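Visitor: With the sequence up front, the predicted model follows.
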Amino acid sequence: MCGIVGLFLKDKALEPKLGALTNDMLATMCDRGPDSAGFAVYGTPTKGKAKLTLQSPTPEKDFKGLAKAISKAIGADVDLEVRSTHALLIVPKDMADKARDVVRTEAPSVRIMATGTSIEIYKEVGYPTEVSKRFELKKMAGSHAIGHTRMATESAVTTLGSHPFSTGPDQCLVHNGSLSNHNNLRRELKRDGMTFETQNDSEVAAAYLTWRMNQGMNLGEALTKSLDDLDGFFTFVVGTKNGFGVIRDPIACKPAVMAETDKYVAFGSEYRALVNLPDIAKARVWEPEPSTVYFWER
Amino acid sequence: MNDGETLMRKVDLSVTPLRDLNQDLHRQSSGANEKNWEVLNPMGFHAIAVGVDAPIEIDIRGSVGYYCAGMNKQATITVHGSAGPGVAENMMSGKVRITGDASQYAGATGRGGLLVIDGNAASRCGVSMKGIDIVVKGNIGHMSAFMAQSGHLVVLGDAGDALGDSIYEAKLFVRGSVKSLGADCIEKEMRPEHHDELGKLLETAGVSDVKTSEFKRYGSARKLYSFNIDNADAY
């Protein structure tokens, strides 16, 4: 069992409240996944800048002086905003790859949770409400967000095993379920150059979608194809820079409820997650069908 | 206590803990004089009005989570909204109505009573039903009436894949299309007694605008449920 929440805003006026709304939704899903929690927030991109979300097991040591070192190595100004065990690194867009290499050499224990122009990912072991408090989810703004509360089944309870998983720029995936062909698929994807940080099944699903999108598919097409190639139980919610998608396996035993108004599209593992959304009483609320791709893009 | 007078109890779940509501409901018996209950702000909570055993009426104003009205005996429970997984699971008697949609395994293992769903029911509706009558005004999802033993499942809309897989003696009536039939489930003739049975069910469920002649009946081919070694390949 795990809990998933997702919110894709259509109404710009709600964007300052994205974090607060997601925070409340995530809190209702604590008992579905008390081990660990995480969330991806798609904020407004800054022109010419790239964002990297970093995580460290020893943040005091790793983040101290890191900004200076990166700045010196790439020859440009950078911003590093520390949030608990994570830090948001903002660099000139064309220097994102270089900055990533510098992080790897300067602070080898730092993990890069996400890269892109709008995505930020924060995830940790711990009770979900504690995790969202730690990173001040409530105060975040943006266009869409995806959150996850984890009850681990397929791999260890660790920060890296928490969701969301990001395997491509501005992409992320959360998963409720368990895949049965992830080891084979991981081997195949590795052969094609994909890299993996964990033994987790959900990371394979994320990498699979990235791999498909690298081949030129859009998110909707990649999700459709995943029905042929992934075996097991899954309800996925995925995000891209402009998109938000949902898919359930053909058996569809992992729960899912969706709501849509002219202001937002929302996802919850249960209806409880949606009750505090604005005008929920007037929303179209439905259960996503098995083997059916739901996909919104702006 | 005023004999014959019925009292209305309002319980607001944004104030009253759910456990208090359920305990109060469990205290009601056949002689209960608090016959009408209204539950406000259910907020998708799980296990609302589970295990009631009294001839009382409960109106739940809003959508509920898992297992609402499970094991119901005697009570008439109406959810004015949608229901999460396992609504009216193992119902014994009484009536449960959902004005919206129901999630997976609605009415599973039910032994008696009537479950009416005004909207759609998702997958596994009536799985292993054992005597309950279920009337769904919309569509039902895949694997519905799996291993259904007795009772009736009436669907005014369409049925998903593998309807009635490994069915025993439950009777299924579907007005719309059936995406596929499960193992050992076949279409059967609608004889006069089936029109009568179906007519009564529709009437009890408050459906008056459809004719029994619009339905097809499905049931067990009885090839699988008594083990026959020649059928081993079909399992």
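Guide: That came in fine, so what should we check first?
Visitor: in the biggest helix by length in chain A, what's buried?
Guide: Assignment by DSSP state H gives helix A:201-214 as the longest helix of chain A. For helix A:201-214, the neighbour count (16 or more other Cβ atoms under 10 Å in any protein chain shown) marks A:201-213 as buried. Quick note: C-beta positions are derived from backbone N, CA and C, even for glycine.
Visitor: which one among these gets closest to A:M1?
Guide: A:S202 (13.9 Å; Cβ to Cβ).
Visitor: can you give me the helices for the chain?
Guide: Using chain A here. Counting by DSSP H, one finds helices in chain A at the ranges A:18-27, A:59-63, A:66-74, A:96-106, A:128-134, A:182-191, A:201-214, A:219-229.
Visitor: nope, chain B
Guide: B:18-27, B:192-204.
Visitor: List the contacts of the residue nearest in space to the middle of chain B.
Guide: Nearest to the mean C-alpha position of chain B, by Cα atoms, centre = their mean, lies B:L115 at 3.2 Å. Listed by Cβ atoms under 8 Å, 6 or more residues apart in numbering or on different chains, the contact set of B:L115 reads B:87-88, B:91, B:95-98, B:106-107, B:132-135.
Visitor: Any idea what it is bridged to?
Guide: Beta bridges link B:L115 to B:V96, B:I134, judged by DSSP bridges.
Visitor: Please list the residues of chain B that sit near chain A.
Guide: Residues of chain B lying close to chain A by Cβ under 8 Å from any Cβ of the partner chain are B:43-45, B:63-66, B:82, B:84-85, B:100-101, B:103-104, B:122-123, B:141-142.
Visitor: of all of chain B, which residue lies closest to chain A?
Guide: Nearest to chain A in chain B, going by Cβ to the nearest Cβ, is B:G44, at a distance of 3.7 Å.
Visitor: My guess is that residue contacts B:Y66. True?
Guide: No. Look at B:G44 against B:Y66 with Cβ atoms under 8 Å: they stay out of range, at 9.1 Å.
Visitor: sorry, back to before: tabulate the contacts of B:L115 (TSV), appending pLDDT and distance to B:K200.
Guide: Converted to TSV, the contacts of B:L115 look like this (pLDDT from 0 to 100; distance: Cβ to Cβ, whole Å):
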residue	pLDDT	distance to B:K200
B:V87	98	23
B:A88	98	20
B:M91	98	19
B:K95	98	14
B:V96	98	18
B:R97	98	17
B:I98	98	21
B:A106	98	21
B:G107	98	18
B:I132	98	15
B:D133	98	10
B:I134	98	14
B:V135	98	11
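Visitor: Buried subset of those residues, written for PyMOL?
Guide: Buried members of these, defined by 16+ other Cβ under 10 Å, are picked up in PyMOL with:
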select buried, chain B and resi 87+88+91+95+96+97+98+106+107+132+133+134+135
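Visitor: Adding distance to A:A87, write the contacts of B:L115 out as JSON lines.
Guide: Converted to JSON lines, the contacts of B:L115 look like this (distance: Cβ to Cβ, whole Å):
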{"residue": "B:V87", "distance to A:A87": "46"}
{"residue": "B:A88", "distance to A:A87": "51"}
{"residue": "B:M91", "distance to A:A87": "54"}
{"residue": "B:K95", "distance to A:A87": "58"}
{"residue": "B:V96", "distance to A:A87": "53"}
{"residue": "B:R97", "distance to A:A87": "54"}
{"residue": "B:I98", "distance to A:A87": "49"}
{"residue": "B:A106", "distance to A:A87": "48"}
{"residue": "B:G107", "distance to A:A87": "52"}
{"residue": "B:I132", "distance to A:A87": "57"}
{"residue": "B:D133", "distance to A:A87": "60"}
{"residue": "B:I134", "distance to A:A87": "55"}
{"residue": "B:V135", "distance to A:A87": "58"}
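Visitor: A:S178: which of the contacts of B:L115 is nearest?
Guide: When the contacts of B:L115 are compared against A:S178 (criterion: Cβ to Cβ), the nearest one is B:A106, at 25.0 Å.
Visitor: got the contact list for that closest one?
Guide: B:83, B:86-88, B:98, B:115, B:117, B:121-122, B:125-126, B:134, B:136.
Visitor: ok, so of the residues you listed, who is nearest A:G220?
Guide: Closest to A:G220, out of all of those and judged by Cβ to Cβ, is B:A122, at 22.7 Å.
Visitor: What values do phi and psi take at that closest one?
Guide: Main-chain dihedrals, B:A122, degrees, to the nearest 10: phi -80, psi -160.
Visitor: just checking, it touches B:A102?
Guide: Yes. Counting by Cβ under 8 Å, B:A102 is a contact partner of B:A122 at 6.8 Å.
Visitor: what does chain A have sitting close to chain B?
Guide: So chain A meets chain B at A:250-253, A:255, A:257, A:270-275, A:285-287, A:289-290 (Cβ under 8 Å from any Cβ).
Visitor: Identify the farthest-apart pair in the contacts of B:A106.
Guide: Every pair of those checked by Cβ to Cβ; the farthest is B:G86 and B:V136, at 15.3 Å.
Visitor: And the two? Which one has more around it.
Guide: It is B:V136, of B:G86 and B:V136, that has more neighbours when counted by other Cβ atoms under 10 Å in any protein chain shown, with 29 against 26.
Visitor: per-residue confidence at that one?
Guide: The per-residue pLDDT reported for B:V136 equals 98.
Visitor: show me where pLDDT drops low in chain B?
Guide: Scanning chain B for pLDDT under 70 picks out the ranges B:1-6, B:234-235.
Visitor: State the distance spanning the first to the last residue of stretch A:45-60.
Guide: 27 Å (Cα to Cα, to the nearest Å).
Visitor: One more: stretch B:65-75?
Guide: 19 Å.
Visitor: again, but for stretch A:270-280
Guide: End-to-end distance (Cα to Cα), stretch A:270-280: 14 Å.
Visitor: re the thing from before, between B:G44 and B:Y66, which contacts overlap?
Guide: Contacts common to B:G44 and B:Y66, judged by Cβ under 8 Å, 6+ apart, are A:E270, B:G84.
Visitor: ok, now how distant is A:M25 from B:V39?
Guide: In this view, A:M25 and B:V39 are 23 Å apart by Cβ to Cβ, to the nearest Å.
Visitor: for B:Q104, same thing?
Guide: Here B:Q104 is placed at a distance of 23 Å from B:V39 (Cβ to Cβ).
Visitor: And for A:A73, the neighbour number?
Guide: Based on other Cβ under 10 Å, the number of other residues close to A:A73 is 17.
Visitor: you'd agree it is up against A:V102?
Guide: Yes. Assessed by Cβ under 8 Å, A:A73 is found in contact with A:V102 at 4.5 Å.
Visitor: show me what contacts the residue nearest to A:L173 when sequence neighbours are not counted?
Guide: Of all residues not flanking A:L173 in the chain, A:A206 sits nearest, at 3.9 Å (Cβ to Cβ, 6 or more residues apart in numbering or on different chains). For A:A206, the contacting residues are A:P164, A:F165, A:S166, A:T167, A:Q171, A:C172, A:L173, A:V238, by Cβ under 8 Å, 6+ apart.
Visitor: quick one: which of the residues you listed is nearest chain B?
Guide: A:V238 (22.0 Å).
Visitor: need the helices of chain B in a markdown table with mean neighbour count, can you?
Guide: Formatted as a markdown table, these follow (neighbours: other Cβ atoms under 10 Å in any protein chain shown):
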| stretch | mean neighbour count |
| --- | --- |
| helix B:18-27 | 15 |
| helix B:192-204 | 15 |
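Visitor: The residue of the stretch 101-250 of chain A found nearest chain B and A:F233: what is the separation?
Guide: For the stretch 101-250 of chain A and chain B, the shortest gap (Cβ to the nearest Cβ) falls at A:P250, measuring 7.9 Å. A:P250 sits 10 Å away from A:F233, going by Cβ to Cβ.
Visitor: what do you get for B:L224?
Guide: Counting by Cβ to Cβ, the gap from B:L224 to A:F233 is 26 Å.
Visitor: show me where pLDDT drops low in the stretch 1-150 of chain A?
Guide: Under the criterion pLDDT under 70, no range of the stretch 1-150 of chain A is flagged.
Visitor: Surely A:V91 touches A:L80?
Guide: No. Look at A:V91 against A:L80 with Cβ under 8 Å: they stay out of range, at 9.4 Å.
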